[in-house]
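# Okay, structure incoming, though there's no sequence with it:
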């Protein structure tokens, strides 16, 4: 098989004399390529759909055959299928590691509003790493830089249409662009487009069935954990501020259930606090008993998180409100309130 691959793709591989480690690398790349191909075929995803916006279908076919497989393209391949890439980092070469470090720095620069330096580094990156896949990545960064600078990028309507029609999961670069687009519209108080952007991100992340028709599952848990906590907090807060409380609760419930089920705490406290704020408003305005019960349980959870984080004063304030204003009855919390009050004097 190795000889067949080398002969078929000799224009890329060169001769053994040109690359003394070509056989060794191809063995690893063949294993990865076969794994990815089986994953794609199991999900019945056409190669043309998977490669859209990433690279040419022929480049992705070569990767599946063990040729030119790279961490960067593999990452885009996996995220489009709703998979986390953190388990595949050991395939990185020194060149790929250097390339990824440069990418991370460019993203960091535009996220911290250092737009001029980000543009300069991006131009240098394009000169050093020229490929179809790198060009696609660079285009997304240019769009994000434009949005950070309060400018809609060129052909933004065409880009939106392509994303709206995307049948597979978004890559990280596409998600970053949509994040920046939502923030751009928020600064302009364009409620309709903010909701439209957040909704697209949320629907894409939560989509099931059409991506994995044989198993009925959707995006894997690790990938969801990379996206949903911050997305649901931002989207839920936005809907809360617009008075759409039922929608906000549904969105927040999604992330909280995922985090609790995975025993993760990233943004869990922020999500609980946002949900408590909504439930408290519903209870105070409508005397909603269901909202009252959920609010009390969430407050108990927040108090536990406060104590885990050694935020005793904050826990005491929550206990005081729960006991004196909400009239929440819980013997254990009453005893805890007494203990903390004595400890803090």
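Right, received. Where do you want to start? Everything quoted here is computed from the prediction, not taken from an experiment.
# so what's residue 161 scoring on pLDDT?
Per-residue confidence (pLDDT) for residue 161: 95.
# wait, I meant residue 204
We have a pLDDT of 93 for residue 204.
# separation between it and residue 178?
Relative to residue 178, residue 204 is positioned 9 Å away (CB to CB, to the nearest Å). Using the backbone N, CA and C atoms, a C-beta is placed for each residue, glycine as well.
# Check residue 146 too.
Distance of residue 146 to residue 178, computed by CB to CB: 14 Å.
# Now do the shared contacts for residue 204 and residue 178.
Listed as contacting both residue 204 and residue 178 by CB atoms under 8 Å, 6 or more residues apart in numbering are residue 170.
# what about residue 223, how many neighbours?
21 (other CB atoms under 10 Å).
# Wait, it touches residue 75, no?
No - with contact defined as CB atoms under 8 Å, residue 223 does not count as touching residue 75 (11.2 Å).
# Domain map for this structure?
Residue ranges for each domain of the chain read 1-92, 95-188, as given by automatic domain parsing.
# buried residues in stretch 184-203?
184, 185, 186, 194, 195, 197, 198, 200, 201, 202 (16 or more other CB atoms under 10 Å).
# What distance do you get for the first one to residue 156?
Computed as CB to CB, the residue 184 to residue 156 distance reads 10 Å.
# where are the low-confidence patches of the chain?
In the predicted model of the chain, residues 1-31, 67-71, 86-94, 131-133, 209-217, 344-345 satisfy pLDDT under 70.
# how about the residue nearest the centre of it, what does it touch?
Nearest to the geometric centre of the chain sits residue 227, at 2.7 Å (CA atoms, centre = their mean). In this structure, residue 227 makes contact with 175, 201, 205, judged by CB under 8 Å, 6+ apart.
# who's in contact with the closest residue to residue 47 other than its chain neighbours?
Counting by CB to CB, 6 or more residues apart in numbering, residue 47 lies nearest to residue 57, which is 4.9 Å off, once chain neighbours are set aside. Counting by CB under 8 Å, 6+ apart, residue 57 touches 47, 48, 51.
# Sitting in helices, which of these do you find?
If you go by DSSP state H, the contacts of residue 57 have 47, 48, 51 in helices.
# Neighbour count and distance to residue 295 for those - can I get that in a markdown table?
Below are those laid out as a markdown table (neighbours: other CB atoms under 10 Å; distance: CB to CB, whole Å):
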| residue | neighbour count | distance to residue 295 |
| --- | --- | --- |
| 47 | 15 | 50 |
| 48 | 10 | 50 |
| 51 | 22 | 48 |
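# Residue 265: which of these is nearest?
Of all these, residue 51 has the smallest distance to residue 265: 36.8 Å, by CB to CB.
# you'd agree the closest one is up against residue 62?
No - between residue 51 and residue 62 there is no contact under CB under 8 Å: 10.9 Å.
# hmm, back to that, so which of the buried residues of stretch 184-203 is the closest to residue 84?
Lowest distance from residue 84 to those (CB to CB) belongs to residue 201, with 17.0 Å.
# That closest one is in contact with residue 180, isn't it?
No - under the criterion of CB under 8 Å, residue 201 is not in contact with residue 180, lying 11.5 Å apart.
# sorry, back to before: could the buried residues of stretch 184-203 be laid out in JSON lines, adding distance to residue 239 and secondary structure?
Compiled in JSON lines, the buried residues of stretch 184-203 are given as follows (distance: CB to CB, whole Å; DSSP: H, G, I helix; E, B strand; the rest coil):
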{"residue": "184", "distance to residue 239": "18", "secondary structure": "helix"}
{"residue": "185", "distance to residue 239": "14", "secondary structure": "helix"}
{"residue": "186", "distance to residue 239": "13", "secondary structure": "helix"}
{"residue": "194", "distance to residue 239": "10", "secondary structure": "helix"}
{"residue": "195", "distance to residue 239": "8", "secondary structure": "helix"}
{"residue": "197", "distance to residue 239": "13", "secondary structure": "helix"}
{"residue": "198", "distance to residue 239": "8", "secondary structure": "helix"}
{"residue": "200", "distance to residue 239": "15", "secondary structure": "helix"}
{"residue": "201", "distance to residue 239": "13", "secondary structure": "helix"}
{"residue": "202", "distance to residue 239": "11", "secondary structure": "helix"}
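# got these as TSV, with distance to residue 107 columns?
Shown next, in TSV, are those (distance: CB to CB, whole Å):
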residue	distance to residue 107
184	17
185	21
186	20
194	22
195	26
197	19
198	21
200	21
201	18
202	22
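# Now do the helices in the stretch 1-150 of the chain.
Using DSSP state H, counting those that start in this stretch, the helices of the stretch 1-150 of the chain run over residues 2-8, 10-13, 22-42, 47-51, 57-64, 71-80, 94-111, 115-128, 132-148.
# most tightly surrounded among these?
When you average the neighbours per residue for each of these (mean count of other CB atoms under 10 Å), helix 71-80 leads with a mean of 23.
# quick one: that helix to helix 132-148, angle?
Helix 71-80 runs at 70 degrees relative to helix 132-148, counting by axes from the mean of the first three to the mean of the last three CA atoms, to 10 degrees.
# And helix 71-80, what does it pack against?
helix 22-42, helix 57-64, helix 94-111, helix 132-148, helix 172-187 (3 or more CB pairs under 8 Å, 6 or more residues apart in numbering; DSSP states H and E).
# And it, how far out from the chain middle?
Chain-centre distance of helix 71-80: 14 Å, with CA atoms, centre = their mean, to the nearest Å.
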